[in-house]
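S.K.: coords please:
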Amino acid sequence: MSDTLYIKMDQSVEITTGEVTVGDVAKLECKNQNILNRLKPVKLLRDDANGKKCYIVSIMKIIEIVDETFQNVEVQNLGETECVVEFKKAQTKKQYFDVIKTTVICFILFFGVGFSIMSFNNDIGVDDMFGHICELFTGNEDNGKKLIELCYSIGLGLGIIIFYNHFGAKKLSKDPTPIEVEMRKYEKDINQTLIDGHNRQDGTLDVK
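M.R.: As a prediction, the model looks like this:
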């Protein structure tokens, strides 16, 4: 009677050590625990470029190892057929560097977003629109104009907070933010481009 080995491989993984094992790139499940214990530590590749290259591991390589190592083992792939492996060194940066970097980014974003909002308001004539609204309700375009501008500013800030689902370091709900969604899409596009480049044998990736 044969054992069934279920393999679920991610589209990409980051490794901080110099070697990659089967257990690093794939989640394995099998009723026969001996198969898992022997297969997970099997080495697939070693980084010889000091983190300067990406590698692609194919599910066929894992299946080949299974066929060579075991008998009567049926493999069921539940994940990706190819995985992009990126080697990264462990973070050793000091905390003050992160604080400086965050401060600079916040500074750039604050003035950049402020300039964008002011340019948008100027393009669509928000000031004139507020004047027309005041004149419509009060008969004078200056009556209540400051109040409308204040409410508009508060509403704009609250709208940005609600839309991006963040206030400081806290999320308003468990749903992913629009930025997180776009970043995941971007990562998937990058990984798929690397895989397509390998499949076309353009020589930009080392494949194991």
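S.K.: what residue ranges in this structure score low on pLDDT?
M.R.: For the chain, the stretches flagged by pLDDT under 70 are 1, 51-52, 90-94, 168-169, 199-208.
S.K.: all strands in the chain, in order from the N-terminus.
M.R.: Secondary structure of the chain by DSSP state E: the strands cover 3-9, 12-15, 19-21, 26-29, 43-46, 54-58, 73-77, 82-87, 166-167, 170-171, 206-207.
S.K.: quick check: phi and psi at the residue of the chain most remote from its centre.
M.R.: Seen from the C-alpha centroid of the chain, the residue lying at the greatest distance (Cα atoms, centre = their mean) is G139, 52.8 Å away. Here the main-chain torsion angles of G139 (degrees, to the nearest 10) amount to phi 90, psi -10.
S.K.: now do E141
M.R.: For E141, the backbone dihedrals are phi -70, psi -10 (criterion: degrees, to the nearest 10).
S.K.: who's in contact with it?
M.R.: Shown in contact with E141 (Cβ atoms under 8 Å, 6 or more residues apart in numbering): 131-132, 134-135. (Each C-beta comes from the backbone N, C-alpha and C, glycine too.)
S.K.: can you tell me which of those residues are buried?
M.R.: With neighbours counted using 16 or more other Cβ atoms under 10 Å, the contacts of E141 contain these buried positions: 131, 134.
S.K.: pull the most distant pair out of the contacts of E141.
M.R.: H132 and C134 (7.4 Å; Cβ to Cβ).
S.K.: now the contacts of E141 as CSV including distance to E68?
M.R.: Converted to CSV, the contacts of E141 look like this (distance: Cβ to Cβ, whole Å):
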residue, distance to E68
G131, 80
H132, 79
C134, 81
E135, 83
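S.K.: circling back to that earlier point, of all the strands of the chain, which lies closest to P178?
M.R.: Here strand 166-167 is closest among these (Cβ to Cβ), at 10.1 Å.
S.K.: run me through the strand neighbours of that closest one, direction for each.
M.R.: Within its sheet, and counting by DSSP bridges, strand 166-167 is paired with strand 170-171 (antiparallel).
S.K.: show me what the strand it pairs with is in contact with.
M.R.: For strand 170-171, the surrounding residues in contact (Cβ under 8 Å, 6+ apart) are 165, 177.
S.K.: surely E149 meets F130?
M.R.: Yes: taking Cβ atoms under 8 Å as the contact criterion, E149 and F130 are neighbours in contact, 6.3 Å apart.
S.K.: and of the strands of the chain, who's closest to D123?
M.R.: In this view, the strands of the chain are compared for proximity to D123 by Cβ to Cβ, and strand 166-167 is the closest at 27.1 Å.
S.K.: packing partners for the helix ranked longest in the chain?
M.R.: Of all the elements of type helix in the chain, the one with the most residues (DSSP state H) is helix 95-124. With contacts defined as 3 or more Cβ pairs under 8 Å, 6 or more residues apart in numbering; DSSP states H and E, helix 95-124 has no helix or strand neighbours.
S.K.: mind checking how far it is from the chain centre?
M.R.: The chain centroid and the centroid of helix 95-124 are separated by 22 Å, computed with Cα atoms, centre = their mean, to the nearest Å.
S.K.: one more: stretch 17-31?
M.R.: Here the centre of stretch 17-31 is set off from its chain's centre by 21 Å, with Cα atoms, centre = their mean.
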